[in-house]
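**Q** coordinates only, no sequence provided:
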């Protein structure tokens, strides 16, 4: 009898507890969450937790001389290893002391690095070799967690590893080197142009433009010195283009600005005109001309970089939203309609302005439609400017390249597969 009474009391307590709990849930649903004295709201706790998780900051340095898509891909990989990427740009004096004279001065290299869409901050005048003092500064002042470099060795003139301190500190991470391009390779292409021109009366040469654009690992020796310049290792893949591309398109009401060109040896002048063009709208579409178009308008030794190489360099720029790979020379009404272009712009500094005298003006249609604008170019730099720098000091660059080509050959001959993006 007593057992039955206890069981009945237990059932009653459960029923009453269920009713109270249900009423509380209903009250909370109607009135909203009730703050408990002494305890912060749930949203505040979440925000506090997020603040406690400091972003992972990674550091990568380099000369970034004649910056190309290989540099950009290295920065993309480095950024993927953290939340924020800080980049150190080596000073002109440090480059001269360790590698030979740079082609592009620090101010231009700073513009180029700062324009890469994966870069969050830039440190000028970084040392070529990371010293104990500089590494401490990175860890304390810049809150760097890891120092990043490619799988290719970076040796100082005395043969020691430039990143030995970071490795010993356990704060070093490695990325995969981008195959197919290096500053040494690009300078070699231009030096080859110089040698071919000087030998054109003695030998029957094929077009360098076709060699540069072939994407094969050809070797040419025009000087008779036995120093072979490797033309291209570049093997374009759709995956690489996707990695460099933006995932978003223009909105239905976006003001789309279009600018076209060769963008050969992508330089600070290109970056600055793209920055101004992007400020004129919501979406910047860049047309990149074919190798054949450039060769026909600028000579058989152009372009230095092939279409895919030039496309990747432009895609890496933070001011660019989309590119047309192999854009037409003439801008038609159909093209303007297809891409919903609101404004067509052109810089005042360009290599080939002869078309302005022709009847078949490539910008005739946008001019007639009243959507054409000439932009004052901020920097007086062209691809020919870069080439002239090489030509005017070609002996120094030839010596620099001969030294670098030996290490490049050693790398390619002994390289192993490295997993990476």
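**A** That came in fine, so what should we check first? Predicted, not measured: the structure shown is a model, and the values here were computed from it. Numbers count the residues shown, from 1 in each chain.

**Q** every contact and neighbour count from this point should use C-alpha atoms.
**A** Noted.

**Q** the stretch 101-250 of the chain: helices as residue ranges?
**A** 106-114, 132-140, 164-168, 183-199, 208-213, 238-244 (DSSP state H, counting those that start in this stretch).

**Q** what mean pLDDT does the longest one get?
**A** Mean pLDDT, taken over the full extent of helix 183-199, equals 67.

**Q** possible to save the helices of the stretch 101-250 of the chain as TSV with mean neighbour count and distance to residue 68?
**A** What follows is those, written out as TSV (neighbours: other C-alpha atoms under 10 Å; distance: least, C-alpha to C-alpha, whole Å):
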stretch	mean neighbour count	distance to residue 68
helix 106-114	20	9
helix 132-140	14	26
helix 164-168	14	26
helix 183-199	19	8
helix 208-213	21	15
helix 238-244	13	13
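
**Q** of all these, which one is nearest residue 269?
**A** helix 106-114 (8.6 Å; C-alpha to C-alpha).

**Q** so what secondary structure elements neighbour the closest one?
**A** Using 3 or more C-alpha pairs under 8 Å, 6 or more residues apart in numbering; DSSP states H and E as the contact test, the elements touching helix 106-114 are strand 84-90, strand 121-126, helix 268-278.

**Q** can you list those in TSV and add mean pLDDT?
**A** Below are the helices and strands packed on helix 106-114 laid out as TSV (pLDDT from 0 to 100):
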stretch	mean pLDDT
strand 84-90	98
strand 121-126	97
helix 268-278	98
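
**Q** right, so of these, which gets closest to residue 287?
**A** helix 268-278 (11.6 Å).

**Q** what's the first helix or strand after that closest one?
**A** Going down the chain from helix 268-278, the next helix or strand is strand 283-289, by DSSP states H and E.

**Q** so what touches stretch 124-143?
**A** For stretch 124-143, contacts defined as C-alpha atoms under 8 Å, 6 or more residues apart in numbering pick out 57, 61-63, 88-92, 94-95, 98, 106, 110, 144-145, 156, 162-163, 165-166.

**Q** next one: stretch 80-98
**A** Against stretch 80-98 from outside (C-alpha under 8 Å, 6+ apart): 55-64, 78-79, 101-102, 105-106, 109-110, 113, 118-128, 156-157.

**Q** mind checking the end-to-end distance for it?
**A** Counting by C-alpha to C-alpha, to the nearest Å, you get 29 Å between the two ends of stretch 80-98.

**Q** if you count neighbours, what's buried in it?
**A** When burial is assessed from 16 or more other C-alpha atoms under 10 Å, stretch 80-98 yields the following buried residues: 81, 84-95.

**Q** isn't there a strand covering residue 344?
**A** Yes: looking at residue 344 with DSSP: H, G, I helix; E, B strand; the rest coil, it is inside a strand.

**Q** report pLDDT for it.
**A** Residue 344 is given a pLDDT of 98.

**Q** that one pairs with what?
**A** Beta bridges link residue 344 to residue 258, residue 372, judged by DSSP bridges.

**Q** roughly how far does it sit from residue 329?
**A** On the measure of C-alpha to C-alpha, residue 344 and residue 329 end up 13 Å apart.

**Q** low-confidence ranges, this structure, go.
**A** 1-52, 180, 193-234, 352-359, 394-421 (pLDDT under 70).

**Q** before we move on, the earlier item: want to throw the helices of the stretch 101-250 of the chain into JSON lines with distance to residue 72?
**A** Listed next are those as JSON lines, based on distance: least, C-alpha to C-alpha, whole Å:
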{"stretch": "helix 106-114", "distance to residue 72": "8"}
{"stretch": "helix 132-140", "distance to residue 72": "22"}
{"stretch": "helix 164-168", "distance to residue 72": "22"}
{"stretch": "helix 183-199", "distance to residue 72": "13"}
{"stretch": "helix 208-213", "distance to residue 72": "20"}
{"stretch": "helix 238-244", "distance to residue 72": "9"}
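
**Q** closest to residue 250 out of those?
**A** Of all those, helix 238-244 comes closest under C-alpha to C-alpha, at 17.2 Å.

**Q** residues touching the residue lying closest to residue 75 once chain neighbours are set aside, list them.
**A** Take residue 75 and drop its neighbours on the chain: the residue closest to it by C-alpha to C-alpha, 6 or more residues apart in numbering is residue 118, 6.5 Å away. By C-alpha under 8 Å, 6+ apart, the residues touching residue 118 are 75, 76, 79, 85.

**Q** isn't the first one up against residue 121?
**A** Think residue 75. No: the pair residue 75 / residue 121 is not scored as a contact, 11.8 Å apart, by C-alpha atoms under 8 Å.
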